[in-house]
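Colleague: When you get a sec, could you give me coordinates for this:
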Amino acid sequence: MTRDRGSEEGFFEGEDGSGPPPEPPRPPRRGSPLLRRSPAIAVLVLGVCGWLLWDLWPDAAYFLSSRDPIDLGGPGAYAMERARENRFAQIRGDLVRAVPVTESRTGAARTVGQIAGTGLVVDRPGRGGPPVFEGRILPARALPDYAEAIGAMRIRGAELGGRILVLRDGERPRERWFPLAGSAVLLVLALVNLRALLKSLTS
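Modeller: Numbering: from 1, shown residues only. Alright, predicted model coming up:
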């Protein structure tokens, strides 16, 4: 079978035989076109990721903290100098000036009261129980959430001054996976956008 010479010339010189064939299209650049056009988008995503990581970090750090509670002692032998924010701790003693509260998200009944002779406030589930409390000493930034309950306790005569700590009874490490998983996803997203931003600024 023979091939027509005119068609061969058209193949090598272009469809109309007037010149070389057109160059094949260039492969598209990798990465998001939106990020290539506007690095501000990457900056915005990085800012949101950073803010969310800052918000989740205490919960993620508590998840990874030791499961052995810090012993804060009992009546007549309290060791409040051992107390550390965002750590698992245990304390024994009676709650005084306790006030009933209702958790806003779940509607569960809880009790907030002071361990007599200390600046420690306990947030415990239910309305009663043994005088042994084991849970998370909340970070200081959670204290405003208890302002109303602490105010009611002071009206009842609670003497709370100086450094106030809140122990959320029953909250233990290794129980809530979401903060750790969410932090990992946000960290990956932040790194991807940081890489895209650097490439867009240097290309």
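Colleague: Where does the prediction get shaky in this protein?
Modeller: 1-37 (pLDDT under 70).
Colleague: for the residue positioned nearest the centre of it, what are its contacts?
Modeller: In the chain, the centroid-proximal residue (C-alpha atoms, centre = their mean) is Leu56; its distance is 1.3 Å. Taking C-beta atoms under 8 Å, 6 or more residues apart in numbering, we find Leu56 in contact with 179, 182-183, 186. For every residue, glycine as well, the C-beta is placed using N, CA and C.
Colleague: and which of the residues you listed is nearest to Thr106?
Modeller: Nearest to Thr106 out of those is Pro179 (C-beta to C-beta; 17.7 Å).
Colleague: Is the closest one within a helix or a strand, and which one?
Modeller: Assigned by DSSP states H and E, Pro179 belongs to helix 178-202.
Colleague: next one: Leu167
Modeller: Per DSSP H and E: Leu167 is located in strand 165-169.
Colleague: what packs against that strand?
Modeller: Using 3 or more C-beta pairs under 8 Å, 6 or more residues apart in numbering; DSSP states H and E as the contact criterion, the secondary-structure elements in contact with strand 165-169 are strand 120-125, strand 132-137.
Colleague: how about the ones you listed, which one is nearest Pro69?
Modeller: strand 132-137 (5.6 Å).
Colleague: most packed of the helices and strands packed on strand 165-169?
Modeller: Comparing the helices and strands packed on strand 165-169 on average neighbours per residue, with mean count of other C-beta atoms under 10 Å, the densest one is strand 120-125 at a mean of 22.
Colleague: elements contacting that one?
Modeller: Other helices and strands packing on strand 120-125, by 3+ C-beta pairs under 8 Å, 6+ apart, are strand 95-102, strand 109-115, helix 147-155, strand 165-169.
Colleague: wouldn't Leu46 be in contact with Leu194 here?
Modeller: Yes - look at Leu46 against Leu194 with C-beta atoms under 8 Å: they come within range, at 6.2 Å.
Colleague: So for these two, which sits in the more crowded spot?
Modeller: When Leu46 and Leu194 are compared on other C-beta atoms under 10 Å, the one with more neighbours turns out to be Leu46, at 18 against 15.
Colleague: The more buried one looks like it's in a helix, true?
Modeller: Yes - inclusion of Leu46 in a helix is indicated when DSSP: H, G, I helix; E, B strand; the rest coil is applied.
Colleague: so who does it touch?
Modeller: 190, 193-194, 197.
Colleague: Quickly note the distance from it to Leu198.
Modeller: Remark: distance between Leu46 and Leu198 (C-beta to C-beta, to the nearest Å) = 11 Å.
Colleague: before we move on, what about Ala79?
Modeller: Ala79 is 50 Å from Leu198, where distance means C-beta to C-beta.
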